[in-house]
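Trainee: sequence and predicted structure, then a few things I'm wondering about:
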Amino acid sequence: ALSVHGISLPGLPMVFIGFNDKLAWATTTASYDYTDVYLEEVTPGEGDAPDTVLFQGEQVPVETVTETLLIGFAGQIHEERILSWQVVPHHGPIVPTGDELGLVDNVAQRLSVRFADGRPEHSVISFVDVAFAHTVEEAEEALDGFGAGGANWVVATIEGDIFYSGSSFIPVRPEECRTFHHLANPDGVAPFFVLPGTGECEWQGGLDDRYIPHAVNPAKGFVVTANEDQVGSTFDNDPLNEPHYAGYDYADGFRGGRITELIEAGGRSHSMETMSAIQHDTQSGFGRWAAEHAVATIDAARAGRYELGPRRDALGEGFATLEDLASRLQSWDFETGADSVATSIHSVWFTFLLDAAFADECEAAGRCPGTTERGNALLRMLAKDDRLGILAESGESLLWDDLRTPDVLEGPWDVMMTAWEKTPAKLEELFGDANPDSWTWGKLHRKRMESALPSLGGGASPLDYTPEGGVPRPGDRSNVNVCNGGVTGFGFEC
């Protein structure tokens, strides 16, 4: 008999994360790069003939897929919609044009997307097989068939065995399509850019399983996975210089690091209670390394170091406000509870810091990396990582310097002070109160859980899980019990 408990996903006929009477299994996103975008050279069809794309020297007809959607509720169909889209047979669907890419009026070039759905039928079978597994060996055999997307699988048995597998379908790209280097070859090709669709950058099968991370009963006695880089292939800021390319866009590692820290602190004496406490940990990873630099900036301004004295004096009595806010950060334990004032101060200051540090580069490039990427860059800039370029004049990363002021050489203290100068007014605006004691994190950082089923009468769905405006929530982007409120535009809801 089969006895399985757990959770699933809509449309999946088996348990996705769960346990049977012999073992339990769970997963996190592996963040492998299993999707490519191709620039297709299109020749419009004449008359009723389909459009074609150039591929390996031949014109290949574009296919049209049509699907009828039946829309209804409670067994009653209220509407039919017919959708059609074009598909490049050897790549995938063609993306609707968009003015951001400058392709709106260019019918000769279109973008297609290839996604490694790999072996979807095998992936479903994997969930069936793992539900019947009793040992890590059986679980490994079951999960090795998973191929839809990227996943980190962890398994533990009642006998005390543990197992990790990153088994997924990871496309192998030709070496000539991995030539980009941010310094040596900035015009090179890379899988995380748009690739030529004419046949030069086609997948050469999937990465052999022996090159994908696995672990069985590791010597340290535990396995941690939290969306971070599994083997450190991106630690040198170059995901393409490894023998095998797997991905480039991983989590920053704060969550995985914190989990490891707490597990090691507990040694071999962990229980359900301690593991639950780890799962619900809300200490800020970004706060642990950034807050000290925020405090040091105010200390430097107070002492007049790094030419910050004139900026301190220009603030007048406002500098006393900054000193008060910095003192609250200095005494912060980095816990991000809903009643924490320091978390609010740090989050607003850090949001301004991201903008102050990278607005000039984003403006010059015409687009901006995400919060995680900019946060990781800040971490390296503060550590004076020479991979980001160190200026001989200042000994600091060239990224601190503002491209818009060629006659001035800015450094970290200038940029961090700029963030500080904007922080008090923004906090007062966000909270509608000038008293810092009222700036508690839960007023900004709120969780809203809305039903996917709309209200038939309009407005909020009766199935919404939280009241309008959400509920106060601890945490931030960099803690174990993560609640990803974005910082762009000071939108801290999650």
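Mentor: Structure's in. What do you need?
Trainee: burial of residue 266, as a residue count?
Mentor: By the criterion of other C-beta atoms under 10 Å, residue 266 has 14 neighbours. In short, each C-beta sits where N, CA and C put it, glycine included.
Trainee: from what I can see it touches residue 277, true?
Mentor: No: with contact defined as C-beta atoms under 8 Å, residue 266 and residue 277 do not form a contacting pair (9.3 Å).
Trainee: host element of the closest residue to residue 60 other than its chain neighbours?
Mentor: Excluding the flanking residues, the one nearest residue 60 by C-beta to C-beta, 6 or more residues apart in numbering is residue 53, at 5.4 Å. Assigned by DSSP states H and E, residue 53 belongs to strand 52-55.
Trainee: and the helices in the stretch 351-494 of the chain?
Mentor: With helices called from DSSP state H, counting those that start in this stretch, the stretch 351-494 of the chain shows them at 371-382, 412-431.
Trainee: mind putting the ones you listed into a markdown table with mean pLDDT, mean neighbour count and distance to residue 247?
Mentor: Putting the helices of the stretch 351-494 of the chain into a markdown table (pLDDT from 0 to 100; neighbours: other C-beta atoms under 10 Å; distance: least, C-beta to C-beta, whole Å) gives the following:
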| stretch | mean pLDDT | mean neighbour count | distance to residue 247 |
| --- | --- | --- | --- |
| helix 371-382 | 86 | 18 | 14 |
| helix 412-431 | 97 | 19 | 30 |
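Trainee: need these in TSV with distance to residue 291, can you?
Mentor: Shown next, in TSV, are the helices of the stretch 351-494 of the chain (distance: least, C-beta to C-beta, whole Å):
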stretch	distance to residue 291
helix 371-382	12
helix 412-431	11
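Trainee: what lines up beside the next helix-or-strand element following the strand holding residue 53 in the sheet?
Mentor: Moving toward the C-terminus from strand 52-55, the next helix or strand (DSSP H and E) is strand 58-61. Using DSSP bridges, strand 58-61 pairs in its sheet with strand 52-55 (antiparallel).
Trainee: what score does the residue nearest to the spatial centre of the chain have for pLDDT?
Mentor: For the chain, the residue nearest the mean C-alpha position is residue 251 (5.5 Å; C-alpha atoms, centre = their mean). Residue 251 is assigned 87 on the pLDDT scale.
Trainee: show me the beta-bridge partners of it.
Mentor: Bridge pairing for residue 251 - DSSP bridges - gives residue 228.
Trainee: tell me the spacing between it and residue 441.
Mentor: Remark: distance between residue 251 and residue 441 (C-beta to C-beta, to the nearest Å) = 22 Å.
Trainee: next one: residue 127
Mentor: Using C-beta to C-beta, residue 127 is found at 38 Å from residue 441.
Trainee: and what of residue 27?
Mentor: Taken as C-beta to C-beta, the span from residue 27 to residue 441 is 30 Å.
Trainee: who has more neighbours out of the two?
Mentor: Of the pair residue 27 and residue 441, residue 441 is the one with more neighbours under other C-beta under 10 Å, namely 26 against 17.
Trainee: list the contacts for that one?
Mentor: 336-341, 343-344, 347, 472, 474 (C-beta atoms under 8 Å, 6 or more residues apart in numbering).
Trainee: point out where the stretch 101-250 of the chain drops to low pLDDT.
Mentor: Applying pLDDT under 70 to the stretch 101-250 of the chain flags residues 101-106, 117-123, 147.
Trainee: residue 155 versus residue 20, what's the distance?
Mentor: In terms of C-beta to C-beta, residue 20 sits 11 Å off from residue 155.
Trainee: which neighbours do the two have in common?
Mentor: With C-beta under 8 Å, 6+ apart as the test, residue 20 and residue 155 both reach residue 133.
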